[in-house]
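>>> Mind folding the following:
(2 chains)
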Amino acid sequence: MAKNERSNKIQKCGQPVPRRRLKDSVHRHRPGRCSLFITAVLLMFSFAQAASAASFTASLDRDTITLGEQATLSLAVEGGQAKNVPTPDVNGLQISQTGTSQNVSFINGAMSSTVTVTFSVTPRQAGEFTIPALTADVNGQQFSTQPLKLTVTKASAPTAAAVNSGSEVAFLKFTFPKEKIYVGESAVGRLELYLRDDVQNFGDFQLTGSPTDGFSSGKTTELQNQQRRVQVGNRVYTVISLAVPLTAIATGELTLGPFTASAVVVLPVRDQGSPLFFFNQGEQKQVMLASDPVTVESIPLPMENQPANFTGAVGDFTMTATAGPTNVTVGDPITVRVQIAGQGALDAVALPAQDAWRDFKTYPPTTKLETSDQFGFQGTKSFEQIVSPLNSDMRELPALSFTFFNPDDGQYHTLTQPAVPLVVKAAGTSPLPALAESKNPTPENQVPQDILPIKENLGALVMKSPPLVTQPVFLAAQAVPVLAFVAAFVWRKRADNLASNPRLRRRRAVAELVNIGLKDLKQFAAEDQPDEFFATLFRLLQEQLGEWLDCPASAITENVIDEHSVLRGAPKTTLDGLRELFQLCNQARYAPVRGASELNSVAAQFEKTVGELQEVKA
Amino acid sequence: MKNLFAILFALVFSGNIFAADGVTDFLAANRFYAEGKFSEAAAAYETMLQTGAQSSALLFNYANAEFKCGHLGRAIAAYQQSAQLSPRDSEIRANLAFVRNQVQGATVRESRWQNWLGTLTLNEGALLTAVLFWLTFALLIARQLRPALVPKLISATWIFIALTIFSGTVLGLQAASHFSSATAVVIEDNVTARSGPFDDAQNAFTSRDGAELSVLDQRDGWVQVADGTGKNGWLPAKLVEILPGA
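Coordinates of the predicted model:
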């Protein structure tokens, strides 16, 4: 069942929430603190909850709101759990989920649990909207809500009668000091917030709309020390003033406003039965405010008697200028500093082109704006321009003029600074200053008060491509030096380790020697050279066993096989093989020359025995 | 190592193309400009830019032509893009300053540190950092391969490590500025920013042609902007040109 509940209770965030029955209820927000008590109660009565009848309802806290306000849509699932709570989609309304809360109530001893999902509803335009029926699956059953109507009205200023009767808690009033304004002229509008005398406090003031079409507006600021109290009709109001700096930029009938705003005011509690009355906290209320629009006629600047060097400055200004150095060589820079001070749209003040400076090379001026009021309408705009004489005939920097339009008297005024005497010497061989050494000096000189001319050279055309820092190949390439460093580091560690371990070094040297020796043995066998064969075999046996037993190779004889304790752990076949090899070496010194096949079998036996020895060592 | 440099070189200059047609079109557009046919010149430059190819000079000339047509915003946007390709070109800076001086109303300008960061392009910063990074690791590798050189390389190694860290930090700031602080240049006059991204939303403020605004968000053809005086609003994306940070 749908119900539209009206509420004037404001949470801390300023959003209205539906009234709830506080009696016999426990209220828990999901993002908030965990309550053990609530958990216990929920567990105790879970059976009762499951047994109760389920429902799915939708409600709006208000059925009518003003454009700029927000309404709260609540979807409540009672007596069960919803699989999915849909988010409504309505054209012209922006609906966003803001939170979920659970409410457990005990009424007449019966417990009921309600899960409420809340949404903020922000209208994008005025009109009548319908939030359609929503369907949710609660405990396996489909439940639908009733459609809800929401009326969105445009904010409008209260009538004079309503204001005079004192029924308005607050209202806005906008005043503009001029009915007619010249285009380019600046003025400060005043937006006044009237608060009735019984308003205890106000906050969350937000200017939601400030239409100033045809005007360029500055920052809206509160006017300090301008708060006052005035009698309006039957009531006294406190007035807070805001300044709206405006500069007309278009001509014709221009409309300022309606300015709209929202604020939260605190009013005394009238209902003596309310808990708020007991604590004397006041009742919060969100108010939407709107001012009456103000029409201003913006008139164009007169074309009659408009000086040629007028650049659009509107206001009342004074000018000072200095130039130096005055004793220069042709091409030397002379800095001209111009200060234009006064009141008006200083942003629009520009130094006009000085036709009389045609014999000087000029560069675009730099500007600096220093304002002395909070609206930016009063202050000084400083220009610094570099000029350099093009020939030594120059005797003075011609007079500098600046024209502005004063809206107070409706006339153009031209300010002129007198010519500055110069002493210009011929350039001789001295080079031009760096600033003057342009790539395209000629056109630049022809149009001194304009942009620099176009470039004649196309340069290298580049296809648009993403920056290097986003290209995976570039980023991957940066891993190359890191990997190379890691490899070098590992290599260095291994080299250092080898250098500090002579046994390891010897083991590697012997392993290499045995590898080479085996090839030599096979070669000697093939060439039938038994003397060299057995000499090599004996030396290899000495080296291999010497390395294993950590003693000099020359000290190794057949006797070590029986004497050395390390070799006792080796298999008998290996030890027998070693003995046989030693004996073959000894016999070869006396026995007749053997054939190549026998030598090959001896070499194979040596290879096998060395392999067995390495297995034993491992 | 040679291959590595070849890859780096290809990475940096992969976008370069040299087309005779481009030069011909460019000179034709320059002739329009010289004859005072600024709108034709702007159209010719724009046609070249639409091919995806760009150069600092092409963007500069396009900006000049747009300025002569009275389009301050388009000119500023093109000067900015030109400056991003050639950040140390004094002519671009001079013209940009000149055109900006013509713009009325609130506008957002680069901070001093952004100007400082902008003296190098992001690619130049990346390449400089990469070179320093590689040289630093080359020194570290040399220390591993030739321990006898370690005493001689101590100072150089620390100097390069410091330079790499500094350059990397600057690159990080550049990248952060480039990717996070976009600017919207208004290209129509008297554009009204609205309080929400839809046509019926209330007016927030008005901007003039050429105003530069900070981009806060983009959504469905709308751009949320701030004008530097504390006012925010939404503008249709078609009314602004969005430029990445310096």
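
>>> any chance you could map the helices in chain B?
For chain B, the helices identified by DSSP state H occupy B:2-13, B:20-34, B:38-50, B:56-68, B:72-85, B:90-100, B:112-117, B:122-145, B:150-180, in order along the chain.

>>> In JSON lines: these, plus mean pLDDT and distance to A:Thr322.
Where C-beta positions appear, they are placed from N, C-alpha and C, glycine not excepted. Conversion of these to JSON lines gives the following (pLDDT from 0 to 100; distance: least, CB to CB, whole Å):
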{"stretch": "helix B:2-13", "mean pLDDT": "49", "distance to A:Thr322": "48"}
{"stretch": "helix B:20-34", "mean pLDDT": "85", "distance to A:Thr322": "37"}
{"stretch": "helix B:38-50", "mean pLDDT": "93", "distance to A:Thr322": "37"}
{"stretch": "helix B:56-68", "mean pLDDT": "94", "distance to A:Thr322": "30"}
{"stretch": "helix B:72-85", "mean pLDDT": "93", "distance to A:Thr322": "30"}
{"stretch": "helix B:90-100", "mean pLDDT": "89", "distance to A:Thr322": "22"}
{"stretch": "helix B:112-117", "mean pLDDT": "80", "distance to A:Thr322": "26"}
{"stretch": "helix B:122-145", "mean pLDDT": "94", "distance to A:Thr322": "40"}
{"stretch": "helix B:150-180", "mean pLDDT": "91", "distance to A:Thr322": "38"}
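
>>> In JSON lines: the ones you listed, plus mean neighbour count and distance to chain A.
Rendered in JSON lines, the data for the helices of chain B read as follows (neighbours: other CB atoms under 10 Å in any protein chain shown; distance: least, CB to the nearest CB, whole Å):
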{"stretch": "helix B:2-13", "mean neighbour count": "12", "distance to chain A": "5"}
{"stretch": "helix B:20-34", "mean neighbour count": "16", "distance to chain A": "4"}
{"stretch": "helix B:38-50", "mean neighbour count": "19", "distance to chain A": "8"}
{"stretch": "helix B:56-68", "mean neighbour count": "26", "distance to chain A": "4"}
{"stretch": "helix B:72-85", "mean neighbour count": "25", "distance to chain A": "7"}
{"stretch": "helix B:90-100", "mean neighbour count": "20", "distance to chain A": "4"}
{"stretch": "helix B:112-117", "mean neighbour count": "14", "distance to chain A": "13"}
{"stretch": "helix B:122-145", "mean neighbour count": "20", "distance to chain A": "3"}
{"stretch": "helix B:150-180", "mean neighbour count": "15", "distance to chain A": "6"}
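
>>> A:Asn391 is nearest to which of the ones you listed?
Between A:Asn391 and these, the shortest separation by CB to CB is 23.4 Å, and it involves helix B:90-100.

>>> packing partners for the closest one?
Secondary-structure packing of helix B:90-100 (3 or more CB pairs under 8 Å, 6 or more residues apart in numbering or on different chains; DSSP states H and E): helix B:56-68, helix B:72-85.

>>> Go ahead and flag the most central residue of the chain.
Picking chain A for this. Residue closest to the mean C-alpha point of chain A, counted by CA atoms, centre = their mean, is A:Thr470 at 17.4 Å.

>>> Chain B was what I was after
The centroid of chain B falls nearest to B:Gln84 when counting by CA atoms, centre = their mean (3.2 Å).

>>> Touching stretch B:145-157 from outside, list them.
A:488, A:491-492, B:136, B:139-140, B:142-143 (CB atoms under 8 Å, 6 or more residues apart in numbering or on different chains).

>>> how about the residues you listed in CSV, adding distance to A:Pro132?
As requested, these are exported to CSV (distance: CB to CB, whole Å):
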residue, distance to A:Pro132
A:Ala488, 70
A:Trp491, 73
A:Arg492, 74
B:Thr136, 65
B:Leu139, 71
B:Leu140, 68
B:Ala142, 74
B:Arg143, 74
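
>>> of those residues, closest to A:Pro307?
Proximity of the contacts of stretch B:145-157 to A:Pro307 (CB to CB) peaks at B:Thr136, which lies at 64.0 Å.

>>> pretty sure that closest one is in contact with B:Ala162, am I right?
No - taking CB atoms under 8 Å as the definition, B:Thr136 is not a contact partner of B:Ala162, at 9.5 Å.

>>> Now for the residue nearest to the residue nearest to the centre of chain B when sequence neighbours are not counted: which residues touch it?
Spatial nearest neighbour of B:Gln84, chain neighbours left out: B:Thr121 (6.3 Å); criterion: CB to CB, 6 or more residues apart in numbering or on different chains. If you count contacts by CB under 8 Å, 6+ apart, B:Thr121 has them with B:84-85, B:87.

>>> what pLDDT does the residue in chain B sticking out farthest from the centre get?
Of all residues in chain B, B:Ala148 sits farthest from the chain's C-alpha centroid, using CA atoms, centre = their mean; the distance is 47.0 Å. Note on B:Ala148: pLDDT of 89.

>>> Residues touching stretch B:77-94, excluding its own?
A:363-364, A:438-440, A:451-452, A:455, A:462, B:54-57, B:59-60, B:62-63, B:66, B:95-96, B:99, B:118-121, B:183, B:185, B:187, B:241, B:243-244, B:246.

>>> so who does B:Ala226 touch?
Taking CB under 8 Å, 6+ apart as the test, what B:Ala226 contacts is B:108, B:213-214, B:216, B:232.

>>> Pipe these into JSON lines and attach neighbour count per row.
Output for the contacts of B:Ala226, formatted as JSON lines (neighbours: other CB atoms under 10 Å in any protein chain shown):
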{"residue": "B:Val108", "neighbour count": "18"}
{"residue": "B:Leu213", "neighbour count": "29"}
{"residue": "B:Ser214", "neighbour count": "16"}
{"residue": "B:Leu216", "neighbour count": "14"}
{"residue": "B:Asn232", "neighbour count": "16"}
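
>>> could I get the residues you listed as a markdown table with pLDDT?
As requested, these are arranged in a markdown table below (pLDDT from 0 to 100):
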| residue | pLDDT |
| --- | --- |
| B:Val108 | 81 |
| B:Leu213 | 93 |
| B:Ser214 | 91 |
| B:Leu216 | 91 |
| B:Asn232 | 87 |
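
>>> Which ones among the residues you listed map onto strands?
Judged by DSSP state E, those include B:213-214, B:216, B:232 as members of strands.
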